[in-house]
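In: I'd like to go over a predicted model; first the sequence, then the structure.
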Amino acid sequence: MIHSLFLINSSGDIFLEKHWKSVVSRSVCDYFFEAQERATEAENVPPVIPTPHHYLLSVYRHKIFFVAVIQTEVPPLFVIEFLHRVVDTFQDYFGVCSEPVIKDNVVVVYEVLEEMLDNGFPLATESNILKELIKPPTILRTVVNTITGSTNVGEQLPTGQLSVVPWRRTGVKYTNNEAYFDVIEEIDAIIDKSGSTVTAEIQGVIDACVKLTGMPDLTLSFMNPRLLDDVSFHPCVRFKRWESERILSFIPPDGNFRLLSYHVSAQNLVAIPVYVKHSISFRDSSSLGRFEITVGPKQTMGKTIEGVTVLSQMPRGVLNMSLTPSQGTHTFDPVTKMLSWDVGKINPQKLPSLKGTMSLQAGASKPDENPTINLQFKIQQLAISGLKVNRLDMYGEKYKPFKGIKYMTKAGKFQVRT
Amino acid sequence: MPYFGSEDVVKELKKALCNPHIQADRLRYRNVIQRVIRHMTQGLDMSGVFMEMVKASATVDIVQKKLVYLYMCTYAPLKPDLALLAINTLCKDCSDPNPMVRGLALRSMCSLRLPGVQEYIQQPILSGLRDKASYVRRVAVLGCAKMHNLHGDSEVDGALVHELYSLLRDQDPIVVVNCLRSLEEILKHEGGVVINKPIAHHLLNRFGCLIPNEEELFDILNLLDSFLKSSSPGVVIGATKLFLILAKKFPHVQTDVLVRVKGPLLAACSSESRELCFVALCHVRQILHSLPGHFSSHYKKFFCSYWEPHYIKLQKVEVLCELVNDENVQQVLEELRGYCTDVSVDFAQASIFAIGNIARTYTDQCVQILTELLGLRQEHITTVVVQTFRDLVWLCPQCTEAVCQALPGCEENIQDNEGRQALIWILGNHEEGIPNAPYVLEDFAENAKSETFPAVKMELLTALLRLFLSRPAECQDMLGRLLYYCIEEEKDMAVRDRGLFYYRLLLLGIDDVKRILCSPKSDPSLGLLEDQPERPVNSWASDFNTLVPVYGKAHWATIFKHQGTDHCGPELPHTNFSYARQLISEENKERVQELPDSEALMLIPNCQFTAEYFEKTWLSLEVAHQQILPWQGEVHPDTLQMALQVVNIQTIAMSRVGAQPWKAYLSAQDATGCLFLTELLLEPGNSKMQISVKQSETRTEILSRFISVLETVIGTIGDMKS
């Protein structure tokens, strides 16, 4: 399936290659570079590139292209998901996934890749189990290793590989038994000029961090499970019970994992927590344009909106902008024409605004399209869909675990057209 | 690709690796090895230190072992003789008490890719398959596939395959999955893994629940139902494909499945990973080919947001085009109108073409939007709009008037080749709606000298000639000058020929010109052709969840062709020629030998007969020759057909294998048009084949040549079988 993997940075250097089935010359990447050149921006490189003898499937994350070389027909989603899993694993191992980090840990990277895939087929992809095969580097361990000369490789095979529950190892022990659940919702929305919603949907996930001794069997129930439109589960969830009782019943993996992801897309249900008031005008005659935007809260159920940033790609005709924000800081890059405004918290009494003028290229005709505003924000302790966890019970073990649930709402692809 | 200066590095590393002081210090030794690996991954040729690295593999340090194995797998094909030295160490490691070491050694050994390594790895693989650690079994199972690849595709080791089949009952799921994949690869030429009922039941049971004895399709579907809700889009799409194929005979079940999978698929279309989105969108388009209205109520999901990469936007616009219906057309068009002024030229143009597509059904609204776009006077927009108009007036003649009114003035904003061609075409064909058409064309004709694209000049010639027919007074002079220029000065052959052709045509008289040039101005019946009929789900079900929806079948076909030639090339010396290929090459040789003395008989390669025509001719002719040839046993139709094809004899019809009596009808035609119709007849229990040949012209000399060719082919196949 996957013949080889090339890691390419955004300046087009291959800084790591790994071959599984046969050694494919790195000249195959020339086709990729061609596509990269044609795409001008890294994000626009197509994920599947046909070449005379191979297919190149790539994902672009953390400014690195992960390019898989394929020689036979293959389910493309499988390859792409696998590549994402590789990135996730690196991130899990090293904290960040960047070129210098990968170069520094090249030995661990190779070990991990070797364990993840053999002959082009996935071998071990659960980071739980990988971490037992190859211990992730920590500062302490690096120091100890240098002194004692010992290694990162686990002395024993992970027992989880033989347990009845493939995602959980046997014999887990903790002194503090804890189970944390984070309900995180992202709003994807397009708001049109007049402030009405073009499309809006909520993508939610429940991420869990479970550190419990033994083989606990958990049940999680919701106050309003009918809200969830389109749900997909971690393999540990018993699907039959969800179908019949709308209850999540599962033996959790050890450590961090994504319990479920869901969508809420019925439009009337999606509350939009933020509004943007804008007046952006270019005049045909003069070389000056007016620019003013104000951000304010709307349907936030009394919670504060934090971490607000506004990004906007200005038309090519804009030479420079002179703006004054009522709060936060802003920058305008005259080369890329990107305006960014770091707003911070929104105070409902005193709404943040950004006002000023734009200087336009003299003589150029007025731009056809007003810029689009991309918004980022966070709301703590609120799931905007109204989803609430009712209770969490544990069976199968005697001790009393500590349980915690956190809610958060974020902007996903949230854009306002002006 | 050794970089300049790598020799020094190799020399230095070699010295370090040989240094006994370093060898004694575990940490320093490992560091040197790491440096070797690092240089290797950066593309430096490190094969010079192979010997030293092999020595370094004899260590208890497992990381060092891994690194050395990695090195060996990369360079073993370059240094096959030295690599054999390493095998000893690897074999020893295969019986190490630590399962990780065993697995690692086995994996590396199978990845060495040396000629002749098979004999060393066979034993370790077999013992690996029975290892008590599942980790080793996983590796060993895949090792079987690797070993098979090393052998070349020649023989399939029956015992090994049997062993693998029994491992399908292993308790470790990954062993089972890898086992299936290995078998699939090993048995590729026999059509992949054979799944009989017990195996299928066993595998299905591994999915989680137990099914009773019914082999009902719906039980299986119910069993796999939960996979449609998996959090991994790959699994969801995989399960969908399985469902579609299982329910081949139940179109309503297929539709149900596609309805069920709508949610997950839409979720994947708005997934965080751009790449997943892209592939999911490609699959959405595939589904839409069969169920046009399937996603219509979700059309807003396919609206593009500004920050998405182009490849996603382009897919979404395509999807939107297919989703348009009476209810959402207004919103979709408004949305598309917004994209037309996008900063990215490609995306803007794609959106305009999309509106053009929709215009085939909702003409008036779209033409209005397109007309508005012309008003922006942007070069890249105008050119595409004009191209869209050209296609539209051809397909939907009712919009001609509106288009003609919109056009005046836009010639100033068209610079590129395609756009000008389109404009000239419209001006030439629909001059009745554009009063100033001659004057616009005049400008083009004036500039013909500086025009660099021959296609534009040819279009201009045709348009001007057409215009001349309807408005001779305004065009005569201009046409004369253009023809003069094209014939006398033009360098491009095609343009000059076109000019000469028109000139001579004009000499024949105006009526002839009219007859030839005034083809229909549009053809609405083509519109029906354009609307693709709904394709049945089964036509693409087997391609679902492959790269075909992303790039189309044709592309894969060419890739595979390339690969086919590759595999026969020097890259894989072990490739054995399959039975059919051997046959072809032999036949080819024969034919080459035969050609000189059978000059009179030249069979035409691609003569195509229909069965009806054959039957008619067969009945009308008398048997010219009958002969009996010796024949043993059954006939392999494919082999026979292929062999006959090589000598340009076509097979019209053939009985099934094993049918009694077995018959085949063949036809051939020689260069002079003489037909040879042949019947092959194999009576049951008779070890003889009867050949009857009929000929359309009585020419005994050629007939005997033809029969000798036929005899050789049948003789050869008969020989090969016995």
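Out: Perfect, thanks for sending it. Residues are numbered from 1 along each chain as shown, chains lettered A, B, ... in the order given.

In: helices of the stretch 301-450 of chain B, start to end?
Out: Per DSSP state H, counting those that start in this stretch, the stretch 301-450 of chain B carries helices over the ranges B:310-323, B:329-339, B:345-358, B:363-374, B:379-395, B:400-406, B:417-429, B:437-446.

In: indicate which one of those is closest to chain A.
Out: With C-beta to the nearest C-beta as the measure, helix B:310-323 is the member of the helices of the stretch 301-450 of chain B nearest chain A (4.6 Å). (Glycine included, C-beta is placed from N, CA and C.)

In: that older thread, dump the helices of the stretch 301-450 of chain B into CSV; add distance to residue B:64 as well.
Out: Putting the helices of the stretch 301-450 of chain B into CSV (distance: least, C-beta to C-beta, whole Å) gives the following:
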stretch, distance to residue B:64
helix B:310-323, 44
helix B:329-339, 57
helix B:345-358, 52
helix B:363-374, 67
helix B:379-395, 60
helix B:400-406, 75
helix B:417-429, 62
helix B:437-446, 75
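
In: how about JSON lines for these, with mean pLDDT, mean neighbour count and distance to chain A added?
Out: Putting the helices of the stretch 301-450 of chain B into JSON lines (pLDDT from 0 to 100; neighbours: other C-beta atoms under 10 Å in any protein chain shown; distance: least, C-beta to the nearest C-beta, whole Å) gives the following:
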{"stretch": "helix B:310-323", "mean pLDDT": "89", "mean neighbour count": "22", "distance to chain A": "5"}
{"stretch": "helix B:329-339", "mean pLDDT": "89", "mean neighbour count": "19", "distance to chain A": "7"}
{"stretch": "helix B:345-358", "mean pLDDT": "89", "mean neighbour count": "21", "distance to chain A": "9"}
{"stretch": "helix B:363-374", "mean pLDDT": "88", "mean neighbour count": "19", "distance to chain A": "10"}
{"stretch": "helix B:379-395", "mean pLDDT": "87", "mean neighbour count": "23", "distance to chain A": "9"}
{"stretch": "helix B:400-406", "mean pLDDT": "83", "mean neighbour count": "18", "distance to chain A": "18"}
{"stretch": "helix B:417-429", "mean pLDDT": "87", "mean neighbour count": "22", "distance to chain A": "19"}
{"stretch": "helix B:437-446", "mean pLDDT": "83", "mean neighbour count": "19", "distance to chain A": "24"}
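
In: where does chain A have its least confident helix or strand?
Out: helix A:139-148 (a mean of 57; mean pLDDT, DSSP states H and E).

In: next SSE after it?
Out: Proceeding N to C from helix A:139-148, the next assigned helix or strand is strand A:178-191, under DSSP states H and E.

In: by mean pLDDT, point me to the weakest helix or strand of chain B.
Out: Lowest on mean pLDDT, DSSP H and E among the helices and strands of chain B sits helix B:579-594, with a mean of 39.

In: same for the longest helix along chain B, what does it pack against?
Out: Looking across chain B with DSSP state H, the single longest helix is helix B:700-721. Other helices and strands packing on helix B:700-721, by 3 or more C-beta pairs under 8 Å, 6 or more residues apart in numbering or on different chains; DSSP states H and E, are helix B:579-594, strand B:623-630, helix B:637-646, strand B:675-682, strand B:688-695.

In: show me where pLDDT drops low in the stretch 301-418 of chain A?
Out: For the stretch 301-418 of chain A, the stretches flagged by pLDDT under 70 are A:363-369.

In: residues from it in reach of chain B?
Out: Proximity of the stretch 301-418 of chain A to chain B (C-beta under 8 Å from any C-beta of the partner chain) is limited to residues A:313, A:315-316, A:368-369, A:372, A:374, A:413, A:415, A:417.

In: just the buried subset of the residues you listed, please.
Out: A:313, A:315, A:368, A:372, A:374, A:413, A:415, A:417 (16 or more other C-beta atoms under 10 Å in any protein chain shown).

In: among those residues, which ones are in helices?
Out: If you go by DSSP H, these have nothing in helices.

In: which ones among those residues are found in strands?
Out: Using DSSP state E, A:313, A:372, A:374, A:413, A:415, A:417 are the members of those that sit in strands.

In: Serialize the buried ones among the residues of the stretch 301-418 of chain A next to chain B to JSON lines and add fields for distance to residue B:113.
Out: Formatted as JSON lines, these follow (distance: C-beta to C-beta, whole Å):
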{"residue": "A:313", "distance to residue B:113": "50"}
{"residue": "A:315", "distance to residue B:113": "56"}
{"residue": "A:368", "distance to residue B:113": "58"}
{"residue": "A:372", "distance to residue B:113": "52"}
{"residue": "A:374", "distance to residue B:113": "50"}
{"residue": "A:413", "distance to residue B:113": "46"}
{"residue": "A:415", "distance to residue B:113": "51"}
{"residue": "A:417", "distance to residue B:113": "56"}
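
In: out of those, which comes closest to residue A:85?
Out: When these are compared for distance to residue A:85 (C-beta to C-beta), residue A:413 wins out at 22.9 Å.

In: now that closest one: how far from residue A:203?
Out: 10 Å (C-beta to C-beta, to the nearest Å).

In: how about residue B:418?
Out: Residue B:418 sits 41 Å away from residue A:203, going by C-beta to C-beta.

In: identify all contacting residues around the strand or helix carrying residue A:281.
Out: Residue A:281 is part of strand A:274-282, with elements assigned from DSSP H and E. Identification of contacts with strand A:274-282 by C-beta atoms under 8 Å, 6 or more residues apart in numbering or on different chains yields A:191, A:195, A:289-298, A:305, A:308, A:310, A:315, A:317, A:346, A:358, A:360, A:366-367, A:370-371, A:373, A:375, A:377, A:411, A:414, A:416, A:418.

In: one more time with 6 Å, if that's ok
Out: For strand A:274-282, contacts defined as C-beta atoms under 6 Å, 6 or more residues apart in numbering or on different chains pick out A:289-296, A:298, A:366-367, A:370, A:373, A:416, A:418.

In: buried residues in the helix or strand just after that strand?
Out: Scanning forward in sequence from strand A:274-282 by DSSP H and E, the next helix or strand is strand A:288-297. For strand A:288-297, burial by neighbour count (16+ other C-beta under 10 Å) applies to A:289, A:291, A:293, A:295, A:297.

In: and strand A:288-297, what other elements does it pack with?
Out: Packing contacts for strand A:288-297, counted by 3 or more C-beta pairs under 6 Å, 6 or more residues apart in numbering or on different chains; DSSP states H and E, involve strand A:274-282, strand A:353-360.

In: that strand - which strands sit beside it in the sheet, and in what orientation?
Out: Take DSSP bridges as the rule and strand A:288-297 pairs in its sheet with strand A:274-282 (antiparallel), strand A:353-360 (antiparallel).

In: flag every buried residue along the longest one.
Out: I take that to be strand A:274-282. Taking 16+ other C-beta under 10 Å as the criterion, strand A:274-282 shows A:274-276, A:278, A:280, A:282 as buried.
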